[in-house]
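Asks: Just need the structure, nothing else, for what follows:
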Amino acid sequence: MAKSLTSRLGSFRRSFGHLVVALLLTLFVYALLWLLRWFFFRQSPLSGLLGFLFLFTLSYLTVSGIAWVRRNLLWSLRNQIAAAYVVIAIVPLLLLLAMAGLGAYLLYWQLGSYLLYTDMQARVQRISAVAGGLASSFAIESTATGRPASTLPVPNQSQGFLEAAKADLPGLKIEVGSGQSLLALAGPEGATDFKGIVLSDGVLALRAVAVRPTSTGKVVVSASAPVTSQLLETLSPELGPVHFMVIRPVSGGSVPGEVVTLNGQRVTLEQRIIAEHRSEPPPANLFDKRVSGITTLDVVDLENQTGKGRAQLNASFVTRPSLLNRRLFGPLGDLGSAALTLLLGVGVVFLVLEFAALATGVVLTRAITTSVDSLYLATQHAQSGDLSFRVRVQRRDQLGALGESFNSMMRSVGTLIEEQRQRHRLENELSIAREVQTQLFPHELPSVPGVELAAICRPARMVSGDYYDFIRIGPTRLAIALADISGKGISAALLMASLQAALHSELLREGHFSPGEETLPPNTSEIVAHLNRHLYLSTSDERYATLFFAVYDTETRQLSYTNAGHLPPFYIVGDRIQKLETDDTVIGLFNEVQFGQASVEVEPGGLLVIYSDGLIEPENVSGDAFGADRLAGAVMRCRESSPQVIADAMLSAAEKWSGSSEQADDMTVIVARLSRPLQETRARDVSATPRAREAQRLTTKQ
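Replies: Numbers count the residues shown, from 1 in each chain. Here you go, the predicted structure:
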């Protein structure tokens, strides 16, 4: 297990290399800068840039980590299903539990805050009742005796009431004739009562003022009880330790008192009150966690009545859910415990159902992964060449049907492999045929004074049905032939070989293979007629060929030719294009056919371009054929270049038009510059010197 984990971590490191190290270094620098800013200074000139790099690094590492997990950990189907269980079942369950825990915590926080708030409001109401009751008693005594209330002692009927109030309000103090300033804060003019929590001279106290009319005027009674630890001890026991803190926002420079930062705001601590004898209650059970809460109580700040800089009273507490439940369900009596028991019972049922669903999922997953492992093992046997291995089908379900399909596929694969062997045997034979056919094409282009040649044959299949040839006839004559055999493949290649042998035999029979002797110029029409009779007698009725056969004499600069149904070649001089046609039929279809001969006098720079129909038939995405006109345009754009460049340009233009290198037919092209211009001949003669060749080499290198 440890070795596997180490190998996976090593794979992770090798997958990302130095980039991950740089990104992790960025994270470290950002964390260090953040700590320095937190403890030593607030601003940093690099924090913005490093913040951006930090977010970029986290995003990149997250995406890369997910990709690495998918590539390495989730390759196994069992791991994928386990991950699916985690995402579909466990993660939502954890989220629900977290949401329930957070909701319960907020509920108990709110309940504790409510108890604290209502207890303090009860103390305010109690001190208000004390002030009102005493004011009424003083008013009655003053009216009965006719004496001012300030000169009267506390009435006897209020003594017991006052003593009982001191138990809930430690430090209770009664004053007669004071507190009129607080009445102005109670509301509209003429208000007779005031009650609340008041901060005056840095002291927090519960204050109440009551005004009652008398026969001699009115009586004002003020009651106050300081908020001390003794007062906090009297609050609800379910709240645990209680802590009051009076704070005031600070703006500007230094101020007297303790300055702290609370939620990003600087405040001064006016007063801190802690219940000294209230300890944190112990947990009643494992789930009885600590609940801390804080709430804000209303306070009247006599030192600052405006909103800015006004004091605030924060009250915090620590309690346990069990204590709050006792307070919450206490009014229900026995029904409260029954409701709690019912809730726990439902939770246990849900837990049992969850485990049952998990066990069912594990069983189904094991069945699925076992079948998949069997299929994977079978593929490993097949990869090693063992096609006799069969999957053991144990279940009658879709995976079982998949295993049976795999077994059937293995039987079919064995049959296909045998057929593949036979196909390879045929391909080997085709390769041999291609090598033999290659020997039939000219190995080297003949060297004829004043003539530049180039030829390309690109078969659509292993062997070609096109045939081209150059045959030297005497010291000044060159025969050029290009034929397109009907059909493709082996049959066309055999007919091409027969045509090549017949052409060479015909020229040999007429005595034209004498490069060193003067002979009569061959008649192209007679030679084509003999080839037509040969093909007619040696092939079936549907086999034929198109042929362009020409003889060029460098001395007379005459090009004699016969076009037997072939696409008319281009004869180009300058900007003029002449198509070479003789209106003759194809060879091999009819027995006794007369063919014509035509000739053209080659001008200086004359260019002869012969091609097969494979160059004009390619279609574009719209279904339009390339055509002879576009092919001629491709030739005209580079007509001043060498024949090899022109031939390559023609093939490239046809492929670019079709948008694909896949051929539907054989492509063959012959380009011959039959007579160079005089200035070009001189330039070539000059370039033949050693100094000229060296200068040309340096220019090309630059």
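Asks: I'd guess residue 671 is in a strand, am I close?
Replies: Yes. Under DSSP: H, G, I helix; E, B strand; the rest coil, residue 671 falls within a strand.
Asks: For burial, what's the neighbour tally of it?
Replies: For residue 671, the count of nearby residues is 27 (other Cβ atoms under 10 Å). C-beta: built from backbone N, CA, C; applies to glycine.
Asks: in the sheet, who's paired with it?
Replies: Beta-bridge partners for residue 671, by DSSP bridges, are residue 454, residue 609.
Asks: Which parts of the stretch 1-150 of the chain are helices?
Replies: Per DSSP state H, counting those that start in this stretch, the stretch 1-150 of the chain carries helices over the ranges 2-16, 18-39, 47-68, 77-85, 91-145.
Asks: Pick out the shakiest of these, pLDDT-wise.
Replies: Ranked by mean pLDDT, the helices of the stretch 1-150 of the chain end with helix 2-16 in last place, scoring a mean of 56.
Asks: element containing residue 631, please.
Replies: helix 627-637 (DSSP states H and E).
Asks: try residue 205
Replies: Short version, using DSSP H and E: residue 205 is in strand 203-214.
Asks: what is the orientation angle of that strand with helix 91-145?
Replies: 40 degrees (axes from the mean of the first three to the mean of the last three Cα atoms, to 10 degrees).
Asks: residues contacting the nearest residue in space to residue 276 that is not next to it in sequence?
Replies: Among residues not flanking residue 276 along the chain, residue 229 sits closest, at 5.0 Å (Cβ to Cβ, 6 or more residues apart in numbering). Counting by Cβ atoms under 8 Å, 6 or more residues apart in numbering, residue 229 touches 273-277.
Asks: What pLDDT does the model give residue 229?
Replies: 89.
Asks: likewise the one 5 residues further on?
Replies: Here, the pLDDT recorded for residue 234 equals 85.
Asks: where does it sit relative to residue 120, distance-wise?
Replies: Distance from residue 234 to residue 120, counting by Cβ to Cβ, to the nearest Å: 11 Å.
Asks: Of those two, give the one with the bigger neighbour count.
Replies: More neighbours surround residue 120 than the other of residue 234 and residue 120, with 23 against 14 (other Cβ under 10 Å).
Asks: in terms of contact count, name the helices or strands touching the helix or strand where residue 266 lies.
Replies: Using DSSP H and E, residue 266 maps to strand 265-274. Counting contacts by 3 or more Cβ pairs under 8 Å, 6 or more residues apart in numbering; DSSP states H and E, strand 265-274 packs against strand 203-214, helix 229-233, strand 242-249, strand 258-262.
Asks: again, only using 10 Å
Replies: Strand 265-274 sits against strand 203-214, helix 229-233, strand 242-249, strand 258-262, strand 312-319, with contacts defined as 3 or more Cβ pairs under 10 Å, 6 or more residues apart in numbering; DSSP states H and E.
Asks: out of the ones you listed, nearest to residue 672?
Replies: strand 258-262 (94.4 Å; Cβ to Cβ).
Asks: picking that back up, dump the contacts of residue 229 to JSON lines, plus distance to residue 543, neighbour count and pLDDT.
Replies: JSON lines is the format used below for those (distance: Cβ to Cβ, whole Å; neighbours: other Cβ atoms under 10 Å; pLDDT from 0 to 100):
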{"residue": "273", "distance to residue 543": "117", "neighbour count": "20", "pLDDT": "89"}
{"residue": "274", "distance to residue 543": "115", "neighbour count": "12", "pLDDT": "89"}
{"residue": "275", "distance to residue 543": "116", "neighbour count": "21", "pLDDT": "86"}
{"residue": "276", "distance to residue 543": "119", "neighbour count": "12", "pLDDT": "81"}
{"residue": "277", "distance to residue 543": "120", "neighbour count": "9", "pLDDT": "83"}
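Asks: List just the nearest of those residues to residue 554.
Replies: Nearest to residue 554 among the contacts of residue 229, with distances taken as Cβ to Cβ, is residue 274, at 121.4 Å.
Asks: List the strands paired with the strand holding residue 266, with their directions.
Replies: Strand 265-274 pairs in its sheet with strand 242-249 (antiparallel), strand 258-262 (antiparallel), by DSSP bridges.
Asks: Can you flag the weakest of these by average pLDDT?
Replies: Averaging pLDDT over each of those puts strand 258-262 lowest, since it has a mean of 67.
Asks: picking that back up, which parts of the strand holding residue 266 are buried?
Replies: Buried residues in strand 265-274, counted by 16 or more other Cβ atoms under 10 Å: 267-268, 270-271, 273.
Asks: I'd like those as a markdown table, with distance to residue 355 appended.
Replies: Putting those into a markdown table (distance: Cβ to Cβ, whole Å) gives the following:
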| residue | distance to residue 355 |
| --- | --- |
| 267 | 52 |
| 268 | 56 |
| 270 | 56 |
| 271 | 55 |
| 273 | 51 |
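Asks: what's the closest of these to residue 503?
Replies: Distances from residue 503 to the buried residues of strand 265-274, taken by Cβ to Cβ, are shortest for residue 267, at 109.9 Å.
Asks: hang on, the closest one packs against residue 310?
Replies: No. Residue 267 is beyond contact range of residue 310, at 11.4 Å (criterion: Cβ atoms under 10 Å).
Asks: Spit out the residues that contact those two alike.
Replies: Here residue 267 and residue 310 have 248-249 as joint contacts, going by Cβ atoms under 10 Å, 6 or more residues apart in numbering.
Asks: quick one: the helices in the stretch 501-650 of the chain?
Replies: For the stretch 501-650 of the chain, the helices defined by DSSP H, counting those that start in this stretch cover 524-538, 627-637, 643-658.
Asks: lowest average confidence, helix or strand, in the chain?
Replies: Comparing every helix and strand of the chain by mean pLDDT, DSSP states H and E singles out helix 690-701 as the least confident one, with a mean of 39.
Asks: secondary structure class for residue 462?
Replies: Residue 462 ends up coil, using three-state DSSP.
Asks: Of the buried residues of strand 265-274, which is the nearest to residue 108?
Replies: Set against residue 108, the nearest of those by Cβ to Cβ is residue 273 (23.3 Å).
Asks: buried residues in the host helix or strand of residue 221?
Replies: Per DSSP H and E, residue 221 falls inside strand 217-226. For strand 217-226, the neighbour count (16+ other Cβ under 10 Å) marks 219-226 as buried.
Asks: Please produce TSV containing those, extended by pLDDT and distance to residue 28.
Replies: Listed next are the buried residues of strand 217-226 as TSV, based on pLDDT from 0 to 100; distance: Cβ to Cβ, whole Å:
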residue	pLDDT	distance to residue 28
219	83	74
220	85	69
221	85	69
222	87	64
223	89	63
224	90	59
225	91	57
226	91	54
